[in-house]
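Asker: when you get a sec, could you give me coordinates for this:
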Amino acid sequence: PWAGLPFLVHSATDAGLPGRVLDHPVLSERGVRWAVHHAARDLVPAAADDPALLALSGLDRDRGGALLREPPPDRAERAALLRLALAWRRRTAARLRDAAGARDARGPGGDRQLLLGLVTRPGRVQAAPGWIVVLLPAESVDVAVRRAGLDLDLGWVPWLGTVVEFRYE
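Answerer: Alright, predicted model coming up:
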């Protein structure tokens with residue numbers, strides 16, 4: 001149900017990832033994948049082991065086990081992750097609004113609802129070390145997502161250590 005989560009890799013760079021994590025005195029200790037995983041969980045109520053959430057973090061189920069066994073964020077990490085998630089949500093929503101030509105328009109629920117509408121979609125994630133393919137049904141093609149460029153293949157994403165592709169079938 002969260003197959004749209006990997007779209008957020010595009011807006012992550014808009015929100016300053018990975019630099020905000022690597023430069024942060026608290027988050028840098030845990031690393032980019034850990035921070036992406038936890039910040040994304042502040043954006044959506046996906047299970048920690050959801051394949052799309054792990055893909056967003058650059059991991060498949062096998063390699064995601066180590067991340068899932070990490071201790072939970074402490075108070076300082078939690079505060080930093082919430083700020084990161086908020087910036088990420090704002091940048092994602094702004095990108096969608098800009099693509100729709102509605103820069104100042106905010107519908108019911110605002111940025112949160114816009115983000116949930118983006119990432120809540122059926123699909124499958126095929127993941128292997130260094131390669132993630134998100135398979136989405138052809139009927140789920142969304143003009144706003146296309147205009148925003150959120151479903152463009154990313155190719156190699158160095159800060160995630162993986163290739164990310166989107167396919168409609």
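Asker: for stretch 155-162, the averaged confidence score.
Answerer: Across stretch 155-162, the average pLDDT comes to 94.
Asker: pull out the buried positions in that stretch.
Answerer: Burial within stretch 155-162, assessed by neighbour count using 16 or more other Cβ atoms under 10 Å, is assigned to V157, W159, L160, T162. In short, each C-beta sits where N, CA and C put it, glycine included.
Asker: can you tell me the helix or strand for the second one?
Answerer: Of the helices and strands defined by DSSP states H and E, none includes W159.
Asker: can you tell me the closest non-neighbouring residue to it?
Answerer: Using Cβ to Cβ, 6 or more residues apart in numbering and skipping the chain neighbours, the partner closest in space to W159 is P18 (4.1 Å).
Asker: and the strands in the protein?
Answerer: Counting by DSSP state E, one finds strands in the chain at the ranges 124-128, 131-136, 155-157, 162-168.
Asker: which of the buried residues of stretch 155-162 sit farthest apart?
Answerer: Greatest spatial distance in these: W159 and T162, 9.7 Å, computed using Cβ to Cβ.
Asker: overlap in contacts of the two?
Answerer: Common neighbours of W159 and T162 (criterion: Cβ atoms under 8 Å, 6 or more residues apart in numbering): G58.
Asker: pLDDT-wise, which helix or strand of this structure ranks last?
Answerer: helix 61-69 (a mean of 90; mean pLDDT, DSSP states H and E).
Asker: what residues does that helix touch?
Answerer: R33, W34, H37, A48, D49, P51, L54, S57, L59, A127, P129.
Asker: what sits against the second one?
Answerer: In this case it means W34. S57, L67, E70.
Asker: are any of those buried, and which?
Answerer: S57, L67.
Asker: what about the helices in this protein?
Answerer: 8-14, 19-22, 32-43, 51-56, 61-69, 75-100, 110-119, 143-148 (DSSP state H).
Asker: farthest pair in the contacts of helix 61-69?
Answerer: Among these, A48 and P129 lie farthest apart (Cβ to Cβ), at 19.8 Å.
Asker: what pLDDT is listed against G110?
Answerer: 89.
Asker: isn't it up against A94?
Answerer: No - contact criterion Cβ atoms under 8 Å: G110 and A94 do not qualify, at 11.6 Å.
Asker: more neighbours: these two, which one.
Answerer: A94 (17 against 12; other Cβ atoms under 10 Å).
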